[in-house]
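Asker: Kindly return the folded structure for what I paste below:
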Amino acid sequence: MQLTTQDAFEHNLDTLLGGIIPKSIAIAVSGGGDSMALLHLTRNWARAKSCKTHAVTIDHGLRPEAKDEADFVAKTCRNLSVPHSILSWKQHPGTGNLQAQAREARYDLIGDWARANDIPVLLLGHTSDDQAETVLMRLARGSGVDGLAGMPRKRQDRQVQWLRPLLNISRQALRDDLTTIGAAWIDDPSNDDPRFDRVKARQLMQALAPMGLTQKRLVQMAQHMADARHVLEIATKKLAEDSVQIIAGSVRIETAIWRDAPADLRHRLLAHALCWVSQQTYRPRFSALTKLARGLIQGDNGSLHGALVFQKADHIWITRELKAVAKTSFISDQTWDGRWRMIGPVKPDQRIRALGDEGLARCENWRDTGLPRQVLLSSPAIWHETELIAAPFAGHSNGWTAELMANHDDFFTSIITH
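Answerer: As a prediction, the model looks like this:
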């Protein structure tokens, strides 16, 4: 018996959640057919599971209709008794790839909103059509295994689980369901604008289908590549366990073991270390990554992705680049650089900033710590205006300690994606 869309969705979501029902769950809803179908499917599932449901819409302000679309979602959510929030993107750069920038802004806004509202799980409405289009676009760009694996069904970012439970359900099936229950949606005119690569890919698939390169075949290829990626990630984790130590929030790799590993594993471990140190979700460009890796083999140092990479004795160190955090300042009881929590005798007007050259000069015994100067420069310190209060890693604790938000094991476990 063929599963209904609701049954398929619930099976996918229960699998992604591992059978654990969160206290609350959120849906990113744009007003288009895919996300509106996701809203109805999730509401039905959540009511049966006694799980609180929230919806969130981004008003990018890029089209005159954006506000009306957000209001349409808000009205629908009211009718469904689903709490709804509208977030506005106001910092348009005005140059570059606007679609990519809007996508990043959307994830930033929604991620911050979910974390602020203590919502651990957020659902995205990408369908099998989106997956096929993504694979085709990445094929055209010459992507490797990771790119051709398509969009992941599950990822962890900003203390939020981002799930895509519709990746094996077609866009048409969702619209058919909406039509059946008399639910409306709004079609974004940009979805038919041939200036955008995704629209070109959609049109190209129609031309390629007669030779067998169908949507279904592209989605199958993505799954094959995801399986291959999983094997490579297991090997990368083993390489990390053999060669990596986490010291003062930095990654130290034994050079000889890293250098003797296959090139793909070297690149994966290096990319993972860069992302882990800089708290970035996406890997650096492959060309920049391989250039850095070649330089390390030749004995050079470098910087990439907000991280400094240098060699000392028989090790490669990846640490936070000072200039990436030099202007980052938070009050002493807040999280600094998205990864550090400072614990100590908090007093008014104290702030967390990078130690920097000025602070290190005031730590007379920093060499006794055994930590490289580059690591200490970007380490968290407590300041009161221009007075250095504490620098835990530089031998000047003064009652303070610095703790990573993620424990050391997270570096190794997070190599494996889902």
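Asker: Now do the helices in the stretch 151-300 of the chain.
Answerer: Using DSSP state H, counting those that start in this stretch, the helices found in the stretch 151-300 of the chain span residues 171-180, 197-208, 215-243, 255-260, 263-278, 286-297.
Asker: which residues are contacting stretch 318-329?
Answerer: 249-253, 270, 273-274, 277-278, 303, 306-310, 336-337, 351-354, 356, 372, 374-375, 377-378 (CB atoms under 8 Å, 6 or more residues apart in numbering). C-beta: built from backbone N, CA, C; applies to glycine.
Asker: Can you tell me which of those residues end up in strands?
Answerer: 250-253, 303, 307-310, 351-354 (DSSP state E).
Asker: Identify the farthest-apart pair in the residues you listed.
Answerer: In terms of CB to CB, these reach their longest pairwise distance at 253 and 351, which sit 32.4 Å apart.
Asker: want to throw the ones in strands among the contacts of stretch 318-329 into CSV with distance to residue 401, pLDDT and neighbour count?
Answerer: What follows is the ones in strands among the contacts of stretch 318-329, written out as CSV (distance: CB to CB, whole Å; pLDDT from 0 to 100; neighbours: other CB atoms under 10 Å):
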residue, distance to residue 401, pLDDT, neighbour count
250, 17, 98, 24
251, 20, 98, 25
252, 20, 98, 20
253, 25, 98, 26
303, 28, 97, 17
307, 23, 98, 26
308, 23, 98, 24
309, 27, 98, 26
310, 26, 98, 18
351, 17, 97, 17
352, 13, 98, 24
353, 17, 97, 19
354, 17, 98, 27
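Asker: Now tabulate the residues you listed in a markdown table and tack on distance to residue 198.
Answerer: Formatted as a markdown table, the ones in strands among the contacts of stretch 318-329 follow (distance: CB to CB, whole Å):
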| residue | distance to residue 198 |
| --- | --- |
| 250 | 39 |
| 251 | 35 |
| 252 | 41 |
| 253 | 38 |
| 303 | 33 |
| 307 | 31 |
| 308 | 36 |
| 309 | 34 |
| 310 | 40 |
| 351 | 44 |
| 352 | 41 |
| 353 | 42 |
| 354 | 40 |
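Asker: Which one of those is nearest to residue 262?
Answerer: Checking those against residue 262 by CB to CB gives residue 253 as the nearest, at 15.1 Å.
Asker: Report the beta-bridge partners for that closest one.
Answerer: Using DSSP bridges, the bridge partners assigned to residue 253 are residue 244, residue 316.
Asker: Would you check how far apart it and residue 74 are?
Answerer: Residue 253 is 50 Å from residue 74, where distance means CB to CB, to the nearest Å.
Asker: From residue 391, how far off is the residue lying farthest from the centre of the chain?
Answerer: Taking CA atoms, centre = their mean as the measure, the residue most remote from the mean C-alpha position of the chain is residue 364, 39.3 Å away. Applying CB to CB, the value for residue 364 to residue 391 is 11 Å.
Asker: Please report the number of neighbouring residues for residue 404.
Answerer: 14 (other CB atoms under 10 Å).
Asker: Now do the phi/psi pair for it.
Answerer: The phi and psi values for residue 404, taken as degrees, to the nearest 10, are phi -70, psi 140.
Asker: That one against residue 249, yeah?
Answerer: Yes. The pair residue 404 and residue 249 passes the contact test of CB atoms under 8 Å, sitting 5.5 Å apart.
Asker: Mutual contacts of these two, please.
Answerer: With CB under 8 Å, 6+ apart, residue 404 and residue 249 have common neighbours 339, 340.
Asker: Pass me the low-pLDDT residue ranges in this structure, would you?
Answerer: 1-2, 60-64, 90-103, 158, 189-195 (pLDDT under 70).
Asker: who touches the residue farthest from the centre of the chain in this structure?
Answerer: Residue 364 neighbours (CB under 8 Å, 6+ apart): none.
Asker: Tell me how far it lies from residue 396.
Answerer: For residue 364 relative to residue 396 (CB to CB), the value is 8 Å.
Asker: how's the protein carved up into domains?
Answerer: 5-214, 221-321, 325-404 (automatic domain parsing).
Asker: so which of those domains comes closest to residue 411?
Answerer: domain 221-321 (5.5 Å).
Asker: Can you measure across that closest one, start residue to end residue?
Answerer: Chord length of domain 221-321, first to last residue, is 38 Å (CA to CA, to the nearest Å).
Asker: And for stretch 173-186?
Answerer: Using CA to CA, first and last residues of stretch 173-186 are 16 Å apart.
Asker: Run the chain-centre distance for it.
Answerer: The chain centre lies 31 Å from the centre of stretch 173-186; the measure is CA atoms, centre = their mean, to the nearest Å.
Asker: got a list of contacts for that stretch?
Answerer: Counting by CB under 8 Å, 6+ apart, 5-6, 31-34, 36-38, 40-41, 65, 69, 72, 76, 127, 166 sit against stretch 173-186.
Asker: repeat for stretch 3-12
Answerer: Outside stretch 3-12, the residues touching it (CB under 8 Å, 6+ apart) are 37, 41, 44-45, 153, 165-169, 173-174, 176-177.
Asker: Ok, stretch 379-386 next?
Answerer: If you take CB under 8 Å, 6+ apart as the criterion, stretch 379-386 is touched by 248-249, 332, 336-337, 340, 342, 344, 347, 349-356, 359, 388-394, 398, 400, 402.
Asker: tell me which residues of it are tucked away?
Answerer: Neighbour counts over stretch 379-386 (16 or more other CB atoms under 10 Å) mark 379, 380, 381, 382, 383 as buried.
Asker: what's the answer for stretch 293-301, then?
Answerer: 293, 296.
Asker: cool, and stretch 168-177?
Answerer: Here stretch 168-177 shows 168, 169, 170, 171, 174, 175, 177 as buried, counting by 16+ other CB under 10 Å.
Asker: ditto for stretch 71-81
Answerer: 72, 73, 74, 76, 77, 80.
Asker: quick one, what contacts residue 310?
Answerer: 301, 316, 317, 319, 372, 374 are the contacts of residue 310 under CB under 8 Å, 6+ apart.
Asker: now, among those, which is nearest to residue 232?
Answerer: For the contacts of residue 310, the nearest to residue 232 is residue 316 (20.2 Å; CB to CB).
Asker: quick one: that closest one from residue 153, how far?
Answerer: 33 Å.
Asker: And the residue nearest the centre of this protein?
Answerer: residue 281 (3.5 Å).
Asker: Name the nearest residue to it, ignoring sequence neighbours.
Answerer: In this structure, residue 281 finds its nearest non-sequential neighbour in residue 157, 5.2 Å apart by CB to CB, 6 or more residues apart in numbering.
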